[in-house]
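> all I have is the shape, not the residue letters:
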């Protein structure tokens, strides 16, 4: 600071001596910080250039976007409301069944992938990599693949959502299992319980609330992804959305977006209520 | 050493057992009601989602044969030739993969910067004006609820095909998602340093710079890295709507049944995502580890 009161001057001398590293941080550390920031910003600028950002392009784009937004008002479904509602119901069905299917399949898989249940290094490694690979493929890609299997429609969407969630659930569930307290398991073992008994009475009661709350959380986020899965033809409201954008019916587009927003808000609210009911006052793990 | 077990009087035992039975029965009833509700919802959803197990059973062999078809035909005797044929367009795909990563990076950078600037306006402990706070929160909510592909579709229409709409779509979604998480971190800080800076006459910006930022920085970086991971996955499908990256190539090879191309591109995407996951996980653990030692 340029202006310092005499009192601050006195204090400063003493403080400088007491906390040398705060008043004059090591130059190496400072260079490191500056270099990291410079590298990050440099990569950002390079990326902007490489990807073809230009101010005129952005300016024309934004003015066109302004025109589009102007055309969105007032939002109206036209005479297609019943179709949109059906699409929305389909979207919810895809999210619900996809999430449930994934949870049911991932539950046993998670025990295999958990270090404390199957103490086999190779099994652990392979099952984790398998789950990672499934997770690395986006839901939309799975949707495209499943369209080849069961044809166009919401069923392909359900399978796609389930597939990509198996990876996430498997990982999350097995982490929950690995952090489970070992004492109840020891207790079951000491009374002569088999491996299955250990899992059923030692682990499952501990992890069930965590798992349920994660499933609900994914149901929420799947509602979101199920709204767009129709863009590639796998059912739900996304089909209408991409059609209306293609035909430039902006007022219909706006109506669809509002429908999505309201649905997601309702699902968010409902599932957070349920989550609190299931896990009680405990913080969400 | 002998140990006695004191038995409770029968009357008391009966009362306790009765209570236990009632509690267990109530829990069972709740579980049954819950299971029934889930079953009804699933049945409704199955009906609405046109679930057709016959179609699935018919399709399942096709799934396996599809997986078999997309596998490359590698013969041990001609391994290197077959491998080169499998990855015939390696340079082109690597370029598209780099574009995908850059779309994710630029989008994350842009979104994280804006989200970071906005989060202070959305947290109750720093922004006392409820109206402004509510407005910022609604804005963030809007940004993260509209799926990024929808933004991408709109931007492709406004800005033309190419990676720029993809970047903007990812950036907007990131603003919403990270803005919320950052605001939650900011709301959980220790307020004493803030009051300290205010007591020395620091302005609102100085309070944030010297009292808030040092407390939240490691969490902010960790959440941003996590979001980058998610955005790499998101950027890989931006090409489906014409918004840049490797997605367009994947879409056309799936649609045109170029089987071995599908597996080659998928493999490259999976490898990239897994590598990025591992790297960011390591970085995040290091960051949070440093935090833990303080």
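Cool, got the structure. Here the structure is a predicted model, which is why all the values come from computation and not from measurement. Numbering: from 1, shown residues only, chains lettered A, B, ... in the order given.
> C-alpha only now, for contacts and for neighbours.
OK.
> pLDDT below threshold where in the stretch 1-150 of chain A?
Applying pLDDT under 70 to the stretch 1-150 of chain A flags the ranges A:1-10, A:25.
> how about the strands in it?
With DSSP state E, counting those that start in this stretch as the definition, the stretch 1-150 of chain A shows no strands.
> spell out which parts of it neighbour chain B.
Contact residues (Cα under 8 Å from any Cα of the partner chain) of the stretch 1-150 of chain A with chain B: A:44, A:47-48, A:51-53, A:57-58, A:60-62, A:64-65, A:89-90, A:92-94, A:96-97, A:132-133, A:136-138, A:140-141, A:144-146, A:148-150.
> switch to 7 Å and redo it
A:44, A:47-48, A:51-53, A:57, A:61, A:64-65, A:89-90, A:93-94, A:97, A:132-133, A:136-138, A:149-150 (Cα under 7 Å from any Cα of the partner chain).
> what subset of those is buried?
A:44, A:47-48, A:51, A:53, A:61, A:64-65, A:89-90, A:93-94, A:97, A:132-133, A:136-138, A:149-150 (16 or more other Cα atoms under 10 Å in any protein chain shown).
> now the helices for the stretch 51-200 of chain A?
Remark: helices assigned in the stretch 51-200 of chain A by DSSP state H, counting those that start in this stretch are A:55-72, A:81-113, A:121-136, A:139-150, A:154-178, A:183-190, A:195-197.
> tell me which other helices or strands the second one touches.
With contacts defined as 3 or more Cα pairs under 7 Å, 6 or more residues apart in numbering or on different chains; DSSP states H and E, the packing partners of helix A:81-113 are helix A:121-136, helix A:154-178, helix A:204-228, helix B:10-48.
> tell me the most buried of those helices?
Greatest average neighbour count among the helices and strands packed on helix A:81-113 goes to helix A:154-178 (a mean of 26), per mean count of other Cα atoms under 10 Å in any protein chain shown.
> I'd like the average pLDDT over that one.
Here helix A:154-178 scores 87 as its mean pLDDT.
> show me what contacts the closest residue to residue A:101 other than its chain neighbours?
Using Cα to Cα, 6 or more residues apart in numbering or on different chains and skipping the chain neighbours, the partner closest in space to residue A:101 is residue A:162 (5.8 Å). Going by Cα atoms under 7 Å, 6 or more residues apart in numbering or on different chains, residue A:162 touches A:98-99, A:101-102.
> from residue A:116, how far off is residue A:101?
Applying Cα to Cα, to the nearest Å, the value for residue A:101 to residue A:116 is 25 Å.
> hang on, I meant residue A:105
20 Å.
> now swap in residue B:158 and tell me
Residue B:158 is 53 Å from residue A:116, by Cα to Cα.
> over to residue B:87?
Residue B:87 is 40 Å from residue A:116, by Cα to Cα.
> pLDDT at the spatially most central residue of chain A, what is it?
Nearest to the centroid of the C-alpha atoms of chain A, with distances taken as Cα atoms, centre = their mean, sits residue A:221, at 6.3 Å. You'll see residue A:221 listed with a pLDDT of 83.
> kindly report the same for the one 3 residues further on.
On the pLDDT scale, residue A:224 is placed at 83.
> same check, this time on the one 4 residues further on
The score at residue A:228 is 85. That number is its pLDDT.
> got the contact list for the closest residue in space to it that isn't next to it in sequence?
Once flanking residues are discounted, residue A:228 sits nearest to residue A:238: 4.5 Å by Cα to Cα, 6+ apart. Taking Cα under 7 Å, 6+ apart as the criterion, residue A:238 is in contact with A:227-231.
> quick one: secondary structure of residue B:243?
Using DSSP: H, G, I helix; E, B strand; the rest coil, the structure places residue B:243 in coil.
> give me the number of residues near the closest residue to residue A:69 other than its chain neighbours?
Take residue A:69 and drop its neighbours on the chain: the residue closest to it by Cα to Cα, 6+ apart is residue A:250, 7.7 Å away. Neighbourhood size, residue A:250 [other Cα atoms under 10 Å in any protein chain shown]: 23.
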